[in-house]
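Undergrad: got a sequence here, can you model it:
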Amino acid sequence: MNATVGDRLLMHGNTVGERDRNGIIMEIKGSNGGPPYIVRFDDGHTGLVFPGPDAVVVPK
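TA: Just a heads-up that it's a prediction; the model follows:
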């Protein structure tokens, strides 16, 4: 998984009833665009994310 700053990260809920989470990648901590990422989610929360198989990067 590779990303650039400004791409969107979509994380699908992995259990029944868990909602999807979406956010903008603000900073890339890994090498060559790899994770982990600092993500500002649409709900205003910002955090360090190690995306799993349920995550998709959408280019800006």
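
Undergrad: note down every partner strand of the helix or strand harbouring residue 47 and its orientation.
TA: Secondary-structure element containing residue 47, defined by DSSP states H and E: strand 46-49. Note on strand 46-49: by DSSP bridges, its sheet partners are strand 37-41 (antiparallel).

Undergrad: dump the partner strand to CSV, restricted to CA.
TA: The C-alpha trace of strand 37-41 is given here as CSV (Å, rounded to 0.1, in the frame of the first residue of the first chain):
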residue,chain,number,x,y,z
TYR,A,37,0.1,7.3,8.2
ILE,A,38,-1.1,10.2,10.2
VAL,A,39,-4.8,10.5,9.2
ARG,A,40,-7.3,13.3,9.9
PHE,A,41,-10.7,11.5,9.9
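
Undergrad: quick one on the thing from earlier: starting at the chain centroid, how far to the strand holding residue 47?
TA: 8 Å (Cα atoms, centre = their mean, to the nearest Å).

Undergrad: please pull up the helix or strand immediately following it.
TA: strand 55-58.

Undergrad: can you tell me which strand in the chain is longest?
TA: Criterion DSSP state E: the longest strand present in the chain is strand 21-28.

Undergrad: please report the distance of the residue nearest to residue 21 when sequence neighbours are not counted from residue 49.
TA: Once flanking residues are discounted, residue 21 sits nearest to residue 11: 4.5 Å by Cβ to Cβ, 6 or more residues apart in numbering. The C-beta positions use only the backbone N, C-alpha and C, and glycine is treated the same way. Residue 11 is 8 Å from residue 49, where distance means Cβ to Cβ, to the nearest Å.
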